[in-house]
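1. Sequence first, predicted model second:
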Amino acid sequence: MPQPSFLQLAARGAPLLLFCAGGSYLLSRFTSGTVAARDLRQKSQSAKAFAIEEEHRKIAKKLYGASETPGAFDFKPIPRPPED
């Protein structure tokens, strides 16, 4: 099989390169529009400012109940089975 010449490689490779570059450009334009729309939607949903202390209190209340402190446990002994 003879080696292809430079013109044959260019004629076969140029459409491939153009297709890849054009597809990359179109995908970047498409995804940037959807990302911008998603960011706008999320900004409108989160109108309240984020406060780390408030979030900590909410999570602590979920984890520890009404006490909101991790050290307020009642330690009770576990009954052991009788030894034979």
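-> Ah, there it is.
2. could you point out where this protein is predicted with low confidence?
-> Across the chain, residues meeting the criterion (pLDDT under 70) sit at 44-50, 66-73.
3. The same query, at a cut-off of 90, please.
-> Scanning the chain for pLDDT under 90 picks out 1-12, 27-78, 80, 82-84.
4. in what helix or strand does Q3 lie?
-> For Q3, there is no enclosing helix or strand under DSSP states H and E.
5. how far does stretch 61-78 stretch from start to finish?
-> Its first and final residues considered, stretch 61-78 spans 27 Å by CA to CA, to the nearest Å.
6. Against K43, how distant is K58?
-> 22 Å (CB to CB, to the nearest Å). Glycine gets a C-beta too; all of them are placed from N, C-alpha and C.
7. What of P82?
-> 64 Å.
8. Looking at the two, which has the bigger crowd around it?
-> A direct count of neighbours by other CB atoms under 10 Å for P82 and K43 places K43 higher, at 9 against 5.
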